[in-house]
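**Student:** just need the structure, nothing else, for what follows:
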Amino acid sequence: MSAIAHATLAAVQIKGNLGSIGYGLAAVGPGVGIGLIFGNGTQALARQPEAAGLIRANQILGFAFCEALALIGLVMPFVYPS
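**Tutor:** Predicted coordinates:
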C-alpha cells in the first residue's frame, strides 16, 4: 500500500455509540428465546391438545420474561452511557 492509503486508514476513526452495539447483541438472546418458546409450545399443543390452556399460559409467561430481558437491554445503554 502507498503512504497515502496508510494515512487515510490511520485517519479513519470509529464513531458512534457503543451502547447501540450492546443493545443489538442483547436483543439476540430474547429473540432466540421467544422463537424457542413458541416453537416448542406449538409442538406441545400438537402432541397434547387437551393441555392447551396450561401450555398457552406457560408460553405467555415465558414470552413476558424474555421480553423483559429485551427491555432491560434497551434501557441499559441509557443508564450506563459510554
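
**Student:** show me where pLDDT drops low in the protein?
**Tutor:** 1-17, 19, 82 (pLDDT under 70).

**Student:** can you do 80?
**Tutor:** Within the chain, the segments meeting pLDDT under 80 span 1-26, 76-78, 80-82.

**Student:** contacts for stretch 32-49 next, please.
**Tutor:** For stretch 32-49, the surrounding residues in contact (CB atoms under 8 Å, 6 or more residues apart in numbering) are A51, A52, I55, R56, N58, Q59, G62, F63, C66, E67, L69. Yep, even glycine has a C-beta here, placed from its N, CA and C like the rest.

**Student:** show me just the buried residues among the residues you listed.
**Tutor:** Buried subset of the contacts of stretch 32-49 (neighbour count, 16 or more other CB atoms under 10 Å): I55, Q59, G62, F63, C66.

**Student:** could you dump those residues into TSV and include distance to A44 and secondary structure?
**Tutor:** Output for the buried ones among the contacts of stretch 32-49, formatted as TSV (distance: CB to CB, whole Å; DSSP: H, G, I helix; E, B strand; the rest coil):
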residue	distance to A44	secondary structure
I55	5	helix
Q59	9	helix
G62	12	helix
F63	14	helix
C66	17	helix
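
**Student:** out of these, which is nearest to L74?
**Tutor:** Comparing the buried ones among the contacts of stretch 32-49 against L74 with CB to CB places C66 closest, at 13.2 Å.

**Student:** so the closest one touches V28, yeah?
**Tutor:** No - between C66 and V28 there is no contact under CB atoms under 8 Å: 11.6 Å.

**Student:** for G24, which three-state class applies?
**Tutor:** Per DSSP: H, G, I helix; E, B strand; the rest coil, the local secondary structure of G24 is helix.
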